[in-house]
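S.K.: turn this into a model:
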Amino acid sequence: MAPTDARSESFPVLIEHQYGATTVPKEPQRIVSLSFIGHDFLLALGRPPHALRKWFGPHPYGVWPWAQEALGEAKPIVMQGEIDIEAIAAMQPDLIVGQWSGMTKREYQLLSRIAPTVPPQTQYGDYGTPWQAMLQTLGHATGRRDQAEDIIAALDARFQDIRQAHPDWQGARSVMVWAGQNGAYSARDIRGQFIEALGFKVPEAINTMASFNNYYVLIPPEDLSPIDVDALIWLDAGGSVSRLERMPLRPTLRAYGEGREIYADVLLSAALSHSSPLSLNYALDHLVPLLEAAMDGDPASAVASTAKAGLLPEGF
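M.R.: Sure thing, here's the model as predicted:
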């Protein structure tokens, strides 16, 4: 039986996107999620997918701890790697959702023969859809639009409260960097959008270097100046601590010398990288105290996560 909601909207619904428009004729029962993070959004709406595309991590069904409760007893089919049209056809879905999936136009055309298919909107590109827009689209497609708006309002209010409580963050520079390859995320990426929602600004140099469908830029190890910001957030990439320890010019960064580096562990890094309604609260709970320590103006005060990782300069 499909989940019920007293405020579910009526069908059919029309959803416009980068490849045209899709009509969802009735409330879907078997949803296939091709987005690497989309299942988190469906779970937030109380609509566990029939199948999902696992991104990374050791967790059952590709669902991280912040979403396990929402998953409940559901046991979705797990897909990995490239989009497999034949396998999806065998699942007999009645809705295929693919924001944040890299779905090509050819794949969309083939998938649309199987079931109504929803790629991202034109203005966002393959991986630039803000979490609010992704949730709104999925709420619209599943008949949970009002629920989606309630979730957005609650999270937006939390971000606003944090901004108001930290006036010194407003306009300060911050960036998230994947430590495995010095990949800095621009303001068009969901990680850049997260930090700017707190009032920080991603350096314009990084935004300028990033292309429309490439949301991060590689920072050469011989010039780290684009990421020498007021709050530098290193995202764990497995083995990142030893790599950062070996980075020759890292000690020249002001962020290093003034204790403005934040090391996000595996779970926090994954929560920021999913930036879903379920992971955002986890990310805020854990990142905000670290940002407060990095931005407190006291070079001698340690950021707890950076200290735990053993990445503080000598003398801290």
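
S.K.: who touches stretch 55-73?
M.R.: The contact list for stretch 55-73 (Cβ atoms under 8 Å, 6 or more residues apart in numbering) reads 36-37, 39-40, 43-44, 46, 48, 52-54, 74-76, 78, 267, 270-271, 274, 276, 278-279, 281-282. All C-beta atoms are positioned from the backbone trio N, CA, C, and that covers glycine.

S.K.: what's the end-to-end length of that stretch?
M.R.: Taking Cα to Cα, to the nearest Å, stretch 55-73 runs 21 Å from one end to the other.

S.K.: in the one helix or strand residue 243 maps to, what's buried?
M.R.: If you go by DSSP states H and E, residue 243 is part of helix 240-245. Neighbour counts over helix 240-245 (16 or more other Cβ atoms under 10 Å) mark 240, 241, 243, 244 as buried.

S.K.: what's the answer for stretch 43-52, then?
M.R.: 43, 44, 45, 47, 48, 49, 50, 51, 52.

S.K.: in JSON lines: these, plus distance to residue 24, secondary structure and pLDDT.
M.R.: Formatted as JSON lines, those follow (distance: Cβ to Cβ, whole Å; DSSP: H, G, I helix; E, B strand; the rest coil; pLDDT from 0 to 100):
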{"residue": "43", "distance to residue 24": "19", "secondary structure": "helix", "pLDDT": "98"}
{"residue": "44", "distance to residue 24": "19", "secondary structure": "helix", "pLDDT": "98"}
{"residue": "45", "distance to residue 24": "14", "secondary structure": "coil", "pLDDT": "98"}
{"residue": "47", "distance to residue 24": "13", "secondary structure": "coil", "pLDDT": "97"}
{"residue": "48", "distance to residue 24": "18", "secondary structure": "coil", "pLDDT": "97"}
{"residue": "49", "distance to residue 24": "15", "secondary structure": "coil", "pLDDT": "98"}
{"residue": "50", "distance to residue 24": "15", "secondary structure": "coil", "pLDDT": "98"}
{"residue": "51", "distance to residue 24": "17", "secondary structure": "strand", "pLDDT": "98"}
{"residue": "52", "distance to residue 24": "19", "secondary structure": "strand", "pLDDT": "98"}
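
S.K.: break the protein down into its structural domains.
M.R.: The record's domain parsing of the chain by automatic domain parsing lists 13-151, 167-308.

S.K.: dump those into JSON lines; add distance to residue 159 as well.
M.R.: Listed next are those as JSON lines, based on distance: least, Cβ to Cβ, whole Å:
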{"stretch": "domain 13-151", "distance to residue 159": "11"}
{"stretch": "domain 167-308", "distance to residue 159": "5"}
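
S.K.: strands along this protein, start to end?
M.R.: Per DSSP state E, the chain carries strands over the ranges 13-17, 20-24, 31-33, 51-53, 77-79, 95-97, 117-118, 174-178, 183-185, 216-218, 231-235, 261-264.

S.K.: rank those by pLDDT, which is bottom?
M.R.: When the strands of the chain are compared on mean pLDDT, strand 216-218 scores lowest, with a mean of 92.
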